[in-house]
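**Student:** Below are the sequence and a predicted model for it; my questions follow.
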Amino acid sequence: MENTGSGKKLTMGIDIGGTKIAGGLVNKSGRLVRSLVIPTLANRGVKASLGQVFRLIERLTREAGGKDGLVGIGMCAPGPLNPRRGIVLNPPNLPGWRNVPLARLVEERFGVNAVVENDANAAGLAEVLFGAAAGYRNVFYITVSTGIGTGVIIDRKIYHGKNGVAGEGGHVSIDYKSPFVCGCGTRGCIEALASGPSMVRRARVRLEQEPGVPSLLRRRIRDDRGLITPAIIADAARRHDPIARSILEETGFFLGVWLGGMVSVLDPEAVVIGGGVAQIGKPLFDRIRETLPEYTINRKFVASLPILPAKLRKNVGVFGAASLFLPPK
């Protein structure tokens with residue numbers, strides 16, 4: 001562990017999720033010098049889960065040599081939230097967290113400056129400062145997993161918009177007539193079409209509607225469609241399963257159509273894609289790259305647009321939260 005003395009050399013990053021809270025201490029050069037993970041205990045309500053956040057901060061503060069060793073405490077959490085006021089509004093996977101003034105509570109309890117940010121925004125900033133997009137200033141970040149989150153980074157800073165809620169690209173519709181309604185209530189959001197659960201839904205439907213089509217998926221799940229996961233779909237696709245390959249192609253196509261619109265609006269220097277679904281890798285990225293030029297006005301530039309896999313996978317939330325106290329270079 002680094003000796004911080006009174007120089008305030010470390011920033012604390014806290015990544016609050018529905019099942020676990022990850023925390024760490026990051027130095028000025030972007031190295032993670034200490035990390036801890038504890039359960040959120042979300043099912044026990046806000047008092048218990050907020051207590052877990054405080055408990056983790058207490059442990060890491062001791063590791064930093066006390067509050068004088070800290071530059072600040074950055075926290076990221078699932079939205080909706082208000083980053084300007086540091087308030088967590090009502091995230092669906094944190095029961096009871098309604099209008100929780102998290103930044104103020106942490107500052108009052110620990111005597112250290114604290115900020116709160118949307119988890120996808122923070123992850124995007126971390127990828128720009130330390131990860132796949134280091135060297136770029138204007139970047140569009142995407143995380144594709146249970147949902148689809150995005151972050152818009154302009155001049156190495158998070159773009160929040162007028163009300164602090166900009167960057168919700170996952171809730172942009174590409175099919176207003178779609179039968180699939182997103183959790184936000186809009187038809188045809190990219191989250192409803194290309195997230196991990198949407199891949200699973202399409203695979204279940206195909207297996208049910210095409211019982212005569214041979215498929216490795218059937219053998220893997222032994223006809224229990226509840227066992228299908230994006231990882232199983234990806235593995236079957238690598239083994240040339242026709243249904244699994246079509247699911248990946250559809251997912252990449254949807255993402256390419258949507259990303260074409262995002263590129264037309266933002267004209268980023270680079271796009272970074274992370275999250276569990278993105279770890280499928282080359283087949284998904286190839287389909288996105290193939291589709292994208294047909295759905296953007298910026299065809300001249302997309303051929304040279306870097307579309308990069310995220311680098312900071314395991315600790316991206318911790319790095320992202322800590323990045324909130326690091327000045328743009």
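**Tutor:** Everything's here; your move. These figures come from a predicted structure and were not determined experimentally.
**Student:** any weak-confidence spans in the stretch 1-150 of the chain?
**Tutor:** In the predicted model of the stretch 1-150 of the chain, residues 1-7 satisfy pLDDT under 70.
**Student:** In it, what residue spans correspond to strands?
**Tutor:** 10-16, 20-27, 32-39, 70-77, 81-82, 87-88, 114-118, 139-144, 148-154 (DSSP state E, counting those that start in this stretch).
**Student:** Nearest to residue 244, out of these?
**Tutor:** In terms of C-beta to C-beta, the element of the strands of the stretch 1-150 of the chain nearest to residue 244 is strand 139-144, at 17.0 Å. In short, each C-beta sits where N, CA and C put it, glycine included.
**Student:** returning to what we had before: of the strands of the stretch 1-150 of the chain, give the one that comes closest to residue 311.
**Tutor:** Across the strands of the stretch 1-150 of the chain, closest to residue 311 is strand 139-144 (C-beta to C-beta), at 11.6 Å.
**Student:** orientation of that closest one relative to strand 148-154 in degrees?
**Tutor:** Counting by axes from the mean of the first three to the mean of the last three C-alpha atoms, to 10 degrees, strand 139-144 points 170 degrees away from the direction of strand 148-154.
**Student:** Sheet-wise, list the partners of strand 139-144 with their directions.
**Tutor:** strand 148-154 (antiparallel), strand 270-274 (parallel) (DSSP bridges).
**Student:** Would you mind writing the CA trace of it as CSV?
**Tutor:** This file holds the C-alpha atoms of strand 139-144, laid out as CSV (Å, rounded to 0.1, in the frame of the first residue of the first chain):
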residue,chain,number,x,y,z
VAL,A,139,-15.6,9.7,-27.5
PHE,A,140,-19.0,7.9,-27.5
TYR,A,141,-19.0,5.1,-24.9
ILE,A,142,-21.5,2.2,-25.0
THR,A,143,-22.0,-0.6,-22.5
VAL,A,144,-24.1,-3.5,-23.8
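**Student:** just to revisit the earlier point, could you dump the strands paired with strand 139-144 to TSV with mean neighbour count and distance to residue 299?
**Tutor:** Output for the strands paired with strand 139-144, formatted as TSV (neighbours: other C-beta atoms under 10 Å; distance: least, C-beta to C-beta, whole Å):
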stretch	mean neighbour count	distance to residue 299
strand 148-154	25	22
strand 270-274	24	15
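**Student:** buried ones in the biggest helix by length in the chain?
**Tutor:** If you go by DSSP state H, the chain has its longest helix at helix 242-266. By neighbour count on 16 or more other C-beta atoms under 10 Å, the buried set for helix 242-266 is 242-245, 247-263, 266.
**Student:** can you pull out the helices in the stretch 101-250 of the chain?
**Tutor:** Listed in chain order, the helices of the stretch 101-250 of the chain (DSSP state H, counting those that start in this stretch) span 102-110, 119-129, 190-194, 196-209, 216-221, 230-238, 242-266.
**Student:** I'd like those laid out as JSON lines, including distance to residue 51.
**Tutor:** Listed next are those as JSON lines, based on distance: least, C-beta to C-beta, whole Å:
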{"stretch": "helix 102-110", "distance to residue 51": "11"}
{"stretch": "helix 119-129", "distance to residue 51": "20"}
{"stretch": "helix 190-194", "distance to residue 51": "31"}
{"stretch": "helix 196-209", "distance to residue 51": "30"}
{"stretch": "helix 216-221", "distance to residue 51": "39"}
{"stretch": "helix 230-238", "distance to residue 51": "33"}
{"stretch": "helix 242-266", "distance to residue 51": "39"}
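**Student:** CA atoms only for stretch 108-125, dumped as PDB, please.
**Tutor:** Extracted in PDB, the C-alpha atoms of stretch 108-125 (Å, rounded to 0.1, in the frame of the first residue of the first chain):
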ATOM      1  CA  GLU A 108     -21.100  15.000   6.200                       C
ATOM      2  CA  ARG A 109     -20.100  11.600   7.500                       C
ATOM      3  CA  PHE A 110     -16.500  11.500   6.300                       C
ATOM      4  CA  GLY A 111     -15.500  15.100   5.800                       C
ATOM      5  CA  VAL A 112     -14.300  14.500   2.200                       C
ATOM      6  CA  ASN A 113     -15.500  16.000  -1.000                       C
ATOM      7  CA  ALA A 114     -17.900  13.600  -2.800                       C
ATOM      8  CA  VAL A 115     -19.600  13.400  -6.100                       C
ATOM      9  CA  VAL A 116     -22.100  11.000  -7.700                       C
ATOM     10  CA  GLU A 117     -22.300  10.100 -11.400                       C
ATOM     11  CA  ASN A 118     -24.300   7.800 -13.700                       C
ATOM     12  CA  ASP A 119     -22.300   4.500 -14.000                       C
ATOM     13  CA  ALA A 120     -22.200   4.600 -17.800                       C
ATOM     14  CA  ASN A 121     -21.000   8.200 -17.900                       C
ATOM     15  CA  ALA A 122     -18.300   7.400 -15.400                       C
ATOM     16  CA  ALA A 123     -17.200   4.300 -17.300                       C
ATOM     17  CA  GLY A 124     -16.900   6.300 -20.500                       C
ATOM     18  CA  LEU A 125     -14.700   8.900 -18.800                       C
END
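**Student:** what comes up buried for that stretch?
**Tutor:** In stretch 108-125, the ones that count as buried by 16+ other C-beta under 10 Å are 110, 112, 114-125.
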